[in-house]
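Enquirer: Output the structure for:
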Amino acid sequence: MGIIVFYEGNNGTENIVQTVEDTPGQDFKPVKNDEIRSMKLYGVRQGCEITVYDSPDAATNDDFTIVNVKKISPEYTVGTFEKSYDDDTVTVSFINNNGLDGKISRIKIK
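Expert: All right, here's what the predicted structure looks like:
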């Protein structure tokens, strides 16, 4: 079972806001609204999809970012949710409206 750790600072820094397992089917509001700016993945399963939303209702007319895990890694940092990129471990797709870091109000894990 993989672990996802959300941080209030960019690049996995500052305080931990929330820690969850990578179990599919999760849909929740973070314990602290508008705090999360980055996350670390610890052994998160291949095929896991983590979506973070500016909207508390997961509306897609505001900022959101989809992180698709391509392979398991002992530790991997997604340093910001405001940049799209693709590497050996993840594909990150940022849909921009007016900024997402520090504004996350909903999280879904598939």
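Enquirer: helix/strand/coil for the most far-flung residue of the chain relative to its centre?
Expert: What lies farthest from the middle of the chain is Asn61; by C-alpha atoms, centre = their mean that is 17.9 Å. Classification of Asn61 using DSSP: H, G, I helix; E, B strand; the rest coil returns coil.
Enquirer: Likewise for Asn11?
Expert: helix.
Enquirer: tell me the contacts of it?
Expert: Contact partners of Asn11, counting by C-beta atoms under 8 Å, 6 or more residues apart in numbering, are Ser38, Thr77, Gly79, Thr80. C-beta coordinates here come from the backbone N, C-alpha and C atoms, glycine included.
Enquirer: Specify which member of those residues is nearest to Ser93.
Expert: Thr80 (13.1 Å; C-beta to C-beta).
Enquirer: contacting residues for the closest one?
Expert: Contacts were defined as C-beta under 8 Å, 6+ apart; by that measure Thr80 touches Asn10, Asn11, Arg37, Ser38, Asp101.
Enquirer: Please report which of those has the highest neighbour count.
Expert: Neighbour count (other C-beta atoms under 10 Å) singles out Arg37 as the most crowded of the contacts of Thr80, with 25 neighbours.
Enquirer: Not counting its neighbours along the chain, what's nearest that one?
Expert: Leaving out its chain neighbours, the residue that sits closest to Arg37 by C-beta to C-beta, 6 or more residues apart in numbering is Asp101, at 4.3 Å.
Enquirer: Surely the one you found touches Gly9?
Expert: No. The criterion here is C-beta atoms under 8 Å, and Asp101 misses it with Gly9 at 9.6 Å.
Enquirer: got any residues that touch both of the two?
Expert: Common neighbours of Asp101 and Gly9 (C-beta under 8 Å, 6+ apart) are Arg37, Ser38.
Enquirer: Only the C-alpha atoms, please, for stretch 18-26, written as CSV.
Expert: The C-alpha trace of stretch 18-26 is given here as CSV (Å, rounded to 0.1, in the frame of the first residue of the first chain):
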residue,chain,number,x,y,z
GLN,A,18,-2.5,15.4,5.5
THR,A,19,-1.4,11.8,4.9
VAL,A,20,-3.5,9.2,3.1
GLU,A,21,-3.1,5.8,1.6
ASP,A,22,-3.3,5.3,-2.2
THR,A,23,-6.6,3.4,-2.0
PRO,A,24,-8.8,4.0,-5.0
GLY,A,25,-12.2,5.6,-4.7
GLN,A,26,-11.3,8.4,-2.3
